[in-house]
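>>> Fold the following for me, if possible:
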Amino acid sequence: MPIKIPKLLPAREILESENIFVMDEDRANTQDIRPLNILILNLMPEKERTETQLLRLLGNTPLQVNISFLKTASYQSKNTSQYHLEQFYTCFDEVVHRKYDGLIITGAPVEMLPFEEVDYWEELKEIMDWSVTNVTSTLHICWGAQAALYYHFGIDKFELPRKCTGVFTHTVLDRSEMLLRGFDDVYDAPHSRYTDVSIEKIERTPELKLLSSSEEAGPFILLANEGKQIMVTGHFEYDSKTLADEYQRDLQKGLDIHVPLHYFPNDDCKKTPLNRWRSHAHLLFSNWLNYYVYQETPYEWE
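Prediction:
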């Protein structure tokens with residue numbers, strides 16, 4: 001089944017070239033079906049790239065998904081055109097009265113700041129608080145996951161000695177949860193961050209369940225309140241070249257950065273990286289949409 005996206009969204013052409021079934025509003029309105037309404041709070045700087053990455057994963061399930069994009073009103077993006085934001089994004093005060101089946105809160109390049117110093121922190125707190133009663137399940141990614149752990153459970157992040165960047169091996173810790181249904185016992189996934197959260201604090205928080213972690217990259221997939229909140233500290237949505245592009249960007253900025261670990265063949269940054277996480281990325285998003293959104297959301301919200 002397709003994902004429903006705005007007709008002129010730039011990601012559409014890329015998705016169609018990859019044989020991902022997309023549908024615009026005109027065609028969707030002719031179908032007598034109850035789609036899943038998914039809201040994406042996109043905090044990433046390159047918003048169009050993140051749109052494509054997330055839509056690619058959301059569009060690979062048997063469910064019809066209606067996508068809306070949310071931006072912050074308290075911070076103006078510097079890397080995305082105002083035209084694009086005005087055409088395809090809405091602000092929280094325009095959706096606060098609505099109910100959504102699912103919400104995705106992305107990462108953001110603000111992890112070195114204390115949460116309270118982030119320009120849109122108060123607005124994000126309001127959105128996360130609203131999500132508890134107005135969203136069936138919320139998926140938080142990278143910094144978004146750390147923000148959720150801090151706001152909902154009081155677990156703060158801490159700075160790492162050096163950036164955690166690369167593709168790391170993870171172990172499934174709890175196979176009873178449907179979110180990891182179909183996962184291999186060990187699998188690879190990308191990370192890109194300067195901060196982490198404490199496994200010990202997670203394990204001492206009864207509302208949290210650690211489903212998967214990495215010896216090198218730390219806790220990865222967490223679940224709270226029977227799937228009401230899901231936190232993924234890495235970037236399953238990343239393209240094959242995303243870490244390479246970030247590495248080159250950091251070099252051009254003159255940052256003291258190391259080559260992403262276990263990413264380039266033979267750790268040679270001149271070689272083309274291979275995507276070793278694609279299948280598990282699709283599994284995670286498919287399981288989330290099916291078991292924690294579709295199976296749990298009411299057909300008609302009160």
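
>>> Just the C-alphas of the helix or strand hosting P161, formatted as PDB.
Using DSSP states H and E, the element containing P161 is strand 158-172. Extracted as PDB, the C-alpha positions of strand 158-172 are listed here (Å, rounded to 0.1, in the frame of the first residue of the first chain):
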ATOM      1  CA  PHE A 158      26.600  12.800  28.800                       C
ATOM      2  CA  GLU A 159      29.400  13.900  26.400                       C
ATOM      3  CA  LEU A 160      31.600  11.100  24.900                       C
ATOM      4  CA  PRO A 161      35.400  11.400  24.700                       C
ATOM      5  CA  ARG A 162      35.100  11.400  20.900                       C
ATOM      6  CA  LYS A 163      32.300  11.300  18.400                       C
ATOM      7  CA  CYS A 164      30.400   8.000  18.000                       C
ATOM      8  CA  THR A 165      30.300   7.600  14.300                       C
ATOM      9  CA  GLY A 166      30.200   4.500  12.200                       C
ATOM     10  CA  VAL A 167      28.300   1.300  11.700                       C
ATOM     11  CA  PHE A 168      28.200  -0.900  14.800                       C
ATOM     12  CA  THR A 169      27.100  -4.400  15.700                       C
ATOM     13  CA  HIS A 170      24.100  -4.700  18.000                       C
ATOM     14  CA  THR A 171      22.700  -7.500  20.100                       C
ATOM     15  CA  VAL A 172      19.000  -8.300  20.600                       C
END
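
>>> neighbouring contacts of that strand?
Around strand 158-172, the neighbours that count as contacts under CB atoms under 8 Å, 6 or more residues apart in numbering are 112, 180, 183-198, 211-218, 220-221, 234, 243, 246-247, 257-258, 260-263, 276-277. In short, each C-beta sits where N, CA and C put it, glycine included.

>>> ok, which stretches of the stretch 101-250 of the chain are helices?
Assigned by DSSP state H, counting those that start in this stretch, the helices in the stretch 101-250 of the chain fall at 121-134, 143-153, 199-203, 242-252.

>>> between the ones you listed, which gets nearest to E46?
Nearest to E46 among those is helix 242-252 (9.1 Å), distances taken as CB to CB.

>>> now the angle from the closest one to strand 158-172?
Helix 242-252 and strand 158-172 are oriented at 160 degrees to each other (axes from the mean of the first three to the mean of the last three CA atoms, to 10 degrees).

>>> Name the residues of whichever helix or strand comes after helix 242-252 that are buried.
Of the helices and strands lying after helix 242-252 in sequence (DSSP H and E), the nearest is helix 278-287. With burial defined by 16 or more other CB atoms under 10 Å, the residues of helix 278-287 counted as buried are R278, H280, A281, H282, L283, L284, F285, S286, N287.

>>> Stretch 224-241 too?
Residues of stretch 224-241 classed as buried: 224, 227-239 (neighbour count, 16+ other CB under 10 Å).

>>> Which of those residues fall in strands?
A224, Q229, I230, M231, V232 (DSSP state E).
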